[in-house]
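J.: Please work out how this folds:
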Amino acid sequence: MEKKSEMTQPVLWDRKSIQDKIIQVDCKEFLDENTGFSKFFGGMEQNGFVVLTKCEGTKSATITAAERISPLYDSIYGKMWEVQVKDQTKNQTRYDLTDTNGPQDFHTDATYLKESNGYQIFHILTAAAEGESPF
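T.: Residues are numbered from 1 along each chain as shown. The predicted structure is shown next:
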């Protein structure tokens, strides 16, 4: 008879309760070692998110880390959606809330697609100097 693995119970959290419990995993440990991989998915199972630290600040490094989790889905936006604050007064090919320095409230992306997103990965290269955070 197979032994069932014990799953961690998900934890409901808010800013105050999660502040000292954010699970962080060094990117090199995540990419190179099974312990980092296990720690990552343990955090995902428990809190619904994990912070990878000390990651290289490139798009290719983000893709490498993302593909360690799962193959990337090539949506109508491509494999990666790049967000950059843009001057909304200039002529652009797209206008999107993510291209502004306004707040990004919790939301679900791409619900109108046949297969909407599973995991979403954010690689913050430069954090805003000011603004609100749920953490």
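J.: Following element in sequence after the longest helix belonging to the chain, please.
T.: In the chain, with assignment by DSSP state H, the single longest helix is helix 34-47. Using DSSP states H and E, the helix or strand that follows helix 34-47 towards the C-terminus is strand 51-53.
J.: Does anything pack onto that next one? Which helices or strands?
T.: Counting contacts by 3 or more Cβ pairs under 8 Å, 6 or more residues apart in numbering; DSSP states H and E, strand 51-53 packs against strand 24-26, helix 27-32. No exception for glycine: its C-beta is placed from N, CA and C like everyone else's.
J.: Mind putting the ones you listed into CSV with mean neighbour count and mean pLDDT?
T.: Below are the helices and strands packed on strand 51-53 laid out as CSV (neighbours: other Cβ atoms under 10 Å; pLDDT from 0 to 100):
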stretch, mean neighbour count, mean pLDDT
strand 24-26, 17, 95
helix 27-32, 16, 95
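J.: So which of the ones you listed is nearest Met80?
T.: Of all the helices and strands packed on strand 51-53, it is helix 27-32 that lies closest to Met80, at 16.9 Å by Cβ to Cβ.
J.: Against which helices or strands is the closest one packed?
T.: helix 34-47, strand 51-53, helix 59-69.
J.: For burial, what's the neighbour tally of the spatially closest residue to Gly43 that is not a sequence neighbour?
T.: Take Gly43 and drop its neighbours on the chain: the residue closest to it by Cβ to Cβ, 6 or more residues apart in numbering is Ile23, 3.3 Å away. Look at Ile23: counted by other Cβ atoms under 10 Å, it has 15 neighbours.
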